[in-house]
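Peer 1: Here is my input, please return the structure:
(chains A and B)
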Amino acid sequence: MSEINLASLEEILNPFVPLGRSGLLPALHAVQKEYGWLSEEVAAGVAAALGVPLADAHGVIEFYSLFYSEPVGKRMIRVCTDPACALKGADELLDHLCAHHGIQPGETTSDGSSTIERSPCLGLCEQAPAILFDDQAETNVDLKTGHYELGRPRSLVYGSLRLLTRNCGNGTTFLAGYGAYAALQKALAMPPAEVIAEIRASGLVGRGGAAFPTGVKWQGAADAPGDEKYVVCNADESEPGTFKDRILLLDDPHSTIEGMCIAAHAIGATKGYIYLRGEYPYILPVLENALNEARQAGHLGGANGFDIEIRLGAGAYICGEETALFESIEGKRGFPRVKPPFPTTHGLFGKPTVINNVETLANVPLILSMGAAEYRKIGTEKSPGPKLFCVSGDVARPGLYEVPFGVALKELLEMAGGADEEAEKRMTGTDEATEKRMTGTDGAADKRIQAVLFGGAAGAFATPEQLDVKLTFEDLRAAGLPLGSGVVMVFDKSRDLRDALARLGRFFAHESCGKCYPCQMGTQRQAEILERVARREMLPGDPERLQNVGWTMTDASLCGLGQTAASAVLSAMKQFPELFVER
Amino acid sequence: MGIQLEIDGQQISVEAGTTLLEAAKQIGVDIPTICWHEATTSYALCRICVVEVEGMRLLQPGCIVEAADGMKVQTRSERVVRARKTILEMLASSVDLSDSPAILALMDEYGASPERFPEAGRREVEVKDDNPMYLRDYSKCVLCWRCVQVCAEDAQYTFALSFSGRGYETEIATFFDRPMPATTCVFCGQCVGVCPTGALKPKREALLEQGIAPEEIAVMSSGRRRRK
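Peer 2: Next comes the predicted model:
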């Protein structure tokens, strides 16, 4: 510990002192950047400076995967091993890197130069396999050719619409190219109630996964008593298979910021936060620059006083849950709160808060500019507007697809070039059960598809028989498929879904916060059983155990994580019962 | 006046602000609890007290959900029993319940099998014996949070305890796992008092359980107190 120079600690901590406990995560990030890790001495210094009890500071460090209370390497190599990357050889990549450095996953080289870790989904699924190499994205890593891309990840944008993605695909759109926040100017000329009425009329619902009507949320926060209100942008995108917010924020940060400004005017908020996931460090400078541009242009911190602060997460999927996200901004472990009360009345710091997903906020300027009536001409009557889908896995052209609601899943997959032809090659030597699943659909590409994971880890599997389903809230609900965060992950017939399920099981066991019993223990028991399923070593009674654990988590968990932690597994048990046959 | 609701087919009238747990108690319906304690804030962690409320998609924790007019509550529906039984079985597969008679009684009542989850990774840690007053055996800890709560705003404002790890690997912990005497702990004993599973136990009690005679314990403790 003596090798750590504490002289600079006070200086680093000074800017965070006025924030008190709420400055804990930013302060820990800052000192970890300086010292490489968080020693007992350093942690005690941070706690003292911010007035946080020592035990609480330690509890926070322990909660977040990206904080280290032991020394780690100078270089942090985080290899994603979740389903989309696994399809593209993530395990082999991890093995290769570990062998090259002579260490096991989770270990640091003896010279202290590098640490290699397994990572949950990095949000780079369309350019798999992917690594987070310090603060840079390393994508499309190909062991055979040695090819890889390092730095800012590419934005692969396709689809039949370019509304939400109008400024995406060509690097960051700066303020000069974005325009003078015309939608905000229009909104500021309207009474707040009228802005909310316009959003309500547009039929916009949340794009983060819960699909709650945005206008109703805004109305609730506007009506809530109190002078201090907040607008929070949930940019903690971490649902496996999801990368839409990454592209929106990297390429078009101003649409989200403008959306937040409009929300602030509508509800009377003076302060906003963007909570960016810790695994997107390369977005941070882009956002900071965009906020500065907006300030200089007078859109932020000007007449209405509204300004935005960025908070960087530290590796916790649960912080995408809105109340856990508030706890995290407040400098605590990311434990979700019991609801009600809801954020609209008791949100961040206990104040009325509107919290919206990035894509939701990006829709807001569009609605104000077009007018709700024009906006509703896109999509279907019950699911109006454009929608972003994150297509990954076994398709020829994985990427971000913007389409109107109402497009059939099949059309979306056709845009993505269908299941890639590699499937045929991989399929040689597959078993009889796999062969049997090859019937029932037309078109060569469709024939190769075994399943589509919808909505992410917390989603459900669609079968090839369901490819005609229309991508709307109402049609998907009827088909028992959650739209979730717009994940469409394709598995061709050469793939072993048991492996994907075991990875989802591990993901939830890793990400459960541990607060409520059903999820804390259920995710662990579920992961253990799924490992046995993947190894073809099921024990008698395992399918029933999976069902009981799954339904107990679904029925009795405290928050959305636990309530959906068995969703994909239960859907697989229903759609592909042959995967769970006991020997 | 009051709130009118139905619990297991019985009509009942309660004051506004009454939880379902309290309301059920008033008519002699027993809803089980593990983490709930009259002296600590209810966070609805254990979910053993969940009940089925007509019209609500999810089971509701009785310890915090308040009675509302016209509510129809079932405290022993099939879904409720499945959840309680599974939670109990998962607990038995995770921690040592040998010192938790109340939870063991619940397991009997719900026909929960301690062997339900074979080959399950248990939470097993060494007993922490770092102070003269009490032992910490987190192999018996069910993470009810009561000790953390009474150490903080629910009683003592000492803030000696928080958590290490997360999810299944969560454990009650001090700052960097410092031994208790090196923390802000004032040995008020409130955490020991509210622990439902024997994870926190007075050292004297533990020694008595080990068959050590009271006289010997007296000698041991006086020896520890003696100044060198």
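
Peer 1: separation between A:Met553 and chain B?
Peer 2: According to C-beta to the nearest C-beta, to the nearest Å, A:Met553 stands 9 Å off from chain B. (Each C-beta comes from the backbone N, C-alpha and C, glycine too.)

Peer 1: Please apply the same query to A:Ala30.
Peer 2: Taking C-beta to the nearest C-beta, one finds A:Ala30 at 20 Å from chain B.

Peer 1: hey, where'd the strands end up in the stretch 301-450 of chain A?
Peer 2: Secondary structure of the stretch 301-450 of chain A (DSSP state E, counting those that start in this stretch): strands located at A:307-312, A:353-357, A:386-393, A:399-404, A:449-454.

Peer 1: And the helices in the stretch 301-450 of chain A?
Peer 2: A:322-329, A:358-370, A:372-375, A:409-415, A:422-427, A:432-436, A:444-447 (DSSP state H, counting those that start in this stretch).

Peer 1: pLDDT (mean, whole number) over the third one?
Peer 2: The pLDDT scores in helix A:372-375 average 98.

Peer 1: buried residues in that helix?
Peer 2: Neighbour-count burial for helix A:372-375, counted by 16 or more other C-beta atoms under 10 Å in any protein chain shown, picks out A:Ala372, A:Tyr375.

Peer 1: pretty sure B:Tyr43 is touching B:Cys35, no?
Peer 2: Yes. The criterion here is C-beta atoms under 8 Å, and B:Tyr43 meets it with B:Cys35 at 7.1 Å.

Peer 1: Overlap in contacts, these two.
Peer 2: Jointly contacting B:Tyr43 and B:Cys35 under the rule C-beta atoms under 8 Å, 6 or more residues apart in numbering or on different chains are B:Trp145.

Peer 1: Between these two, point out the one with more neighbours.
Peer 2: B:Cys35 (24 against 20; other C-beta atoms under 10 Å in any protein chain shown).

Peer 1: Which phi and psi values does that one adopt?
Peer 2: phi -80, psi -20 (degrees, to the nearest 10).

Peer 1: That one and chain A: what is the separation?
Peer 2: From B:Cys35 across to chain A, the span is 8 Å (C-beta to the nearest C-beta).

Peer 1: now swap in B:Arg136 and tell me
Peer 2: Applying C-beta to the nearest C-beta to B:Arg136 and chain A gives a distance of 14 Å.

Peer 1: The nearest residue to that residue once chain neighbours are set aside: how many residues sit nearby?
Peer 2: Computed as C-beta to C-beta, 6 or more residues apart in numbering or on different chains, the closest residue to B:Arg136 that is not its neighbour in sequence is B:Lys128, at 4.1 Å. As a burial measure, B:Lys128 scores 18 neighbours (other C-beta under 10 Å).

Peer 1: List the residues that contact B:Lys128.
Peer 2: Counting by C-beta under 8 Å, 6+ apart, the residues that B:Lys128 touches are B:Leu135, B:Arg136, B:Asp137, B:Tyr138, B:Pro179.

Peer 1: Ok, which of the strands of the stretch 301-450 of chain A comes nearest chain B?
Peer 2: Nearest to chain B among the strands of the stretch 301-450 of chain A is strand A:307-312 (18.4 Å), distances taken as C-beta to the nearest C-beta.

Peer 1: now the closest one, how far from the centre of its chain.
Peer 2: Put simply, strand A:307-312 sits 18 Å off its chain's centre (C-alpha atoms, centre = their mean, to the nearest Å).

Peer 1: That strand: partners in the sheet, and parallel or antiparallel?
Peer 2: Its sheet considered, strand A:307-312 pairs with strand A:271-276 (parallel) by DSSP bridges.

Peer 1: For burial, what's the neighbour tally of residue 160?
Peer 2: With no chain named, the answer covers chain A. Neighbours of A:Ser160 (other C-beta under 10 Å): 13.

Peer 1: The chain in question should be chain B.
Peer 2: Neighbour number of B:Ala160 under other C-beta under 10 Å is 24.

Peer 1: circling back to that earlier point, turn the strands of the stretch 301-450 of chain A into TSV, including mean pLDDT and mean neighbour count.
Peer 2: Converted to TSV, the strands of the stretch 301-450 of chain A look like this (pLDDT from 0 to 100; neighbours: other C-beta atoms under 10 Å in any protein chain shown):
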stretch	mean pLDDT	mean neighbour count
strand A:307-312	98	19
strand A:353-357	98	27
strand A:386-393	98	27
strand A:399-404	98	23
strand A:449-454	95	27
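
Peer 1: Save those as CSV, and put in distance to A:Pro343 too.
Peer 2: As requested, the strands of the stretch 301-450 of chain A are exported to CSV (distance: least, C-beta to C-beta, whole Å):
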stretch, distance to A:Pro343
strand A:307-312, 16
strand A:353-357, 5
strand A:386-393, 24
strand A:399-404, 28
strand A:449-454, 27
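
Peer 1: mind checking which of those is nearest A:Glu537?
Peer 2: strand A:449-454 (22.4 Å; C-beta to C-beta).

Peer 1: Does anything pack onto the closest one? Which helices or strands?
Peer 2: helix A:409-415, strand A:460-462, strand A:487-492, helix A:497-511 (3 or more C-beta pairs under 8 Å, 6 or more residues apart in numbering or on different chains; DSSP states H and E).

Peer 1: Do me a favour and average the pLDDT over the first one.
Peer 2: When pLDDT is averaged along helix A:409-415, the result is 96.

Peer 1: coming back round to it: nearest to A:Val42, out of the strands of the stretch 301-450 of chain A?
Peer 2: Short answer: strand A:307-312, nearest of the strands of the stretch 301-450 of chain A by C-beta to C-beta, at 18.2 Å.

Peer 1: Alpha carbons only: can I get that closest one in PDB?
Peer 2: Taking Å, rounded to 0.1, in the frame of the first residue of the first chain, the C-alpha atoms of strand A:307-312 are listed here in PDB:
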ATOM      1  CA  ASP A 307     -28.700  21.700 -17.200                       C
ATOM      2  CA  ILE A 308     -27.600  18.100 -17.500                       C
ATOM      3  CA  GLU A 309     -24.900  16.100 -15.700                       C
ATOM      4  CA  ILE A 310     -23.500  12.800 -16.900                       C
ATOM      5  CA  ARG A 311     -23.100   9.900 -14.500                       C
ATOM      6  CA  LEU A 312     -21.100   6.900 -15.500                       C
END
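
Peer 1: What ranges does the stretch 151-300 of chain A have for its strands?
Peer 2: Under DSSP E, counting those that start in this stretch, the stretch 151-300 of chain A gives strands at A:157-159, A:230-235, A:271-276.

Peer 1: who does the shortest one touch, helix- and strand-wise?
Peer 2: If contacts are counted by 3+ C-beta pairs under 8 Å, 6+ apart, strand A:157-159 sits against strand A:399-404.

Peer 1: roughly how far is the strand it packs on from the heart of the chain?
Peer 2: 17 Å.

Peer 1: Partner strands of that strand, with direction?
Peer 2: Strand pairing for strand A:399-404, using DSSP bridges, gives strand A:157-159 (parallel), strand A:386-393 (antiparallel).

Peer 1: B:Ile64 in helix, strand or coil?
Peer 2: With DSSP: H, G, I helix; E, B strand; the rest coil as the basis, B:Ile64 sits in coil.

Peer 1: give the contact list for it.
Peer 2: A:Val338, B:Thr19, B:Ser42, B:Tyr43, B:Ala44 are the contacts of B:Ile64 under C-beta under 8 Å, 6+ apart.

Peer 1: The closest residue to A:Gly151 other than its chain neighbours and A:Glu149, how far apart?
Peer 2: Closest residue to A:Gly151 apart from its sequence neighbours, by C-beta to C-beta, 6+ apart: A:Gln136 at 5.4 Å. Applying C-beta to C-beta, to the nearest Å, the value for A:Gln136 to A:Glu149 is 10 Å.
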